[in-house]
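Engineer: build me a model from this:
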Amino acid sequence: MQNFAPIALFVYNRPQHTERTIKFLQQNEFAPESRLFIFSDGPKSPADEDKVQEVRDFLKTIEGFKSVEIIQRKENAGLANSVIAGVTQLINDYKQVIVLEDDLVTSPHTLTYFNEALNRYRYEHKVMHIGAYMYPLSTPNLPESFFYRAATSWGWATWERAWKQFEPDIDVLIPQFDAKMIHDFSIDKTMNFWKQMQDFKKGKNNSWAIRWYASIFLKGGLTLNPSHSLVNNIGHDGTGVHSGVNDIYNVIINPRPIRQFPATIKEHPAAYQAIKKFLANRKGSYWTRLVRFVKGKFSS
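Structural biologist: Numbers count the residues shown, from 1 in each chain. As a prediction, the model looks like this:
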């Protein structure tokens, strides 16, 4: 394997999360072959300045990669603008990119998976996104990796040819959907993807990820995913700007490398049904939801 993709890591004001993310990333086999670009957003308010600086002080100590470049913003751009700008910069320079945020811990095989998949599907134009996270699925006998319609944002990779299809304008995206497309986009109405689109339109969120998924969906694109997650999000502890306290999506990271990749470029029916089943039942019983709500209130 020769053509190693650069890594874009987006950080803000969580030094402990950032340190854990780096620690696990350094344990990847291809870390010494990978260029790491760290995008550090500026503080949103004076209250964030000390933590932002603490993160930046840590960033200066990072070793174990082919190179480390830190890009610091004086002003606060917000996660969406930071991701779009950073991904675009590296896509322009390297034609491919691996994208992580400061609350993701990885398997030692995550970079291997990304780079192998980037090389394997480089010229398969229907394949637009490689995801490393997968929900805790209970369905047995799924393949090690499969194609699916939706794009996960917790550790992903893409190519220049796909990123060129990204449409950030919600007013361009929304009119292209009809009722059936909305149903399909929302995984048979088991996930609130369409509400996320509407909320963005209303200014209630600033998600780059929902617009990226919509762009892929409207182009008839597919995403590659592992059946057993290669990353876990440690940010659902109340410290994140865009996440509260939640354990629904917590996973045990796959300790083994992905050896098998699909040869046929189409969505895997059994995997789709497994994901739909998880999404439909993810919130649990009334009592489970009540306990989760109370825990969230106390934690916040």
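
Engineer: C-alpha from now on. contacts and neighbour counts both.
Structural biologist: Fine.

Engineer: how close does residue 16 get to residue 58?
Structural biologist: 10 Å (CA to CA, to the nearest Å).

Engineer: what does residue 18 give?
Structural biologist: From residue 18 to residue 58 the distance is 9 Å (CA to CA).

Engineer: just the strands in the chain please.
Structural biologist: Counting by DSSP state E, the chain has strands at residues 7-11, 35-40, 67-72, 96-101, 104-106, 127-131, 145-148, 156-159, 222-226, 231-233.

Engineer: tabulate those strands (CSV), appending mean pLDDT and mean neighbour count.
Structural biologist: Shown next, in CSV, are those (pLDDT from 0 to 100; neighbours: other CA atoms under 10 Å):
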stretch, mean pLDDT, mean neighbour count
strand 7-11, 98, 23
strand 35-40, 98, 22
strand 67-72, 98, 14
strand 96-101, 98, 25
strand 104-106, 98, 26
strand 127-131, 98, 27
strand 145-148, 98, 24
strand 156-159, 98, 26
strand 222-226, 98, 26
strand 231-233, 97, 24
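
Engineer: I'd like these as TSV, with distance to residue 209 appended.
Structural biologist: What follows is the strands of the chain, written out as TSV (distance: least, CA to CA, whole Å):
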stretch	distance to residue 209
strand 7-11	14
strand 35-40	17
strand 67-72	22
strand 96-101	12
strand 104-106	16
strand 127-131	12
strand 145-148	16
strand 156-159	11
strand 222-226	13
strand 231-233	15
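
Engineer: tell me which of these lies nearest to residue 212.
Structural biologist: strand 127-131 (9.5 Å; CA to CA).

Engineer: can you list the strands that that closest one pairs with?
Structural biologist: Sheet pairing of strand 127-131 (DSSP bridges) gives strand 156-159 (antiparallel), strand 222-226 (parallel).

Engineer: residue 192: which of the ones you listed is closest?
Structural biologist: Checking those against residue 192 by CA to CA gives strand 222-226 as the closest, at 18.6 Å.

Engineer: how about residues contacting that closest one?
Structural biologist: Residues outside strand 222-226 that contact it (CA atoms under 8 Å, 6 or more residues apart in numbering) are 126-134, 144-151, 216, 258, 266-267.

Engineer: for the stretch 201-300 of the chain, which spans come out with low pLDDT?
Structural biologist: 236-246, 284-300 (pLDDT under 70).

Engineer: ok, and the closest non-adjacent residue to residue 211?
Structural biologist: Distances taken as CA to CA, 6 or more residues apart in numbering place residue 168 nearest to residue 211, at 6.0 Å, with adjacent residues excluded.

Engineer: for the stretch 51-200 of the chain, just list every one of the helices.
Structural biologist: Applying DSSP state H, counting those that start in this stretch to the stretch 51-200 of the chain gives helices spanning 79-94, 110-120, 160-163, 170-173, 179-185, 193-201.

Engineer: same list (the ones you listed) but as JSON lines, adding mean neighbour count.
Structural biologist: JSON lines is the format used below for the helices of the stretch 51-200 of the chain (neighbours: other CA atoms under 10 Å):
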{"stretch": "helix 79-94", "mean neighbour count": "17"}
{"stretch": "helix 110-120", "mean neighbour count": "21"}
{"stretch": "helix 160-163", "mean neighbour count": "20"}
{"stretch": "helix 170-173", "mean neighbour count": "12"}
{"stretch": "helix 179-185", "mean neighbour count": "15"}
{"stretch": "helix 193-201", "mean neighbour count": "17"}
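
Engineer: out of those, which is closest to residue 63?
Structural biologist: Minimum separation from residue 63 across these (CA to CA) falls at helix 110-120, 16.4 Å.

Engineer: which strands or helices does that closest one pack on?
Structural biologist: Under the contact criterion of 3 or more CA pairs under 8 Å, 6 or more residues apart in numbering; DSSP states H and E, helix 110-120 touches strand 127-131, strand 156-159.

Engineer: noted, bye for now.
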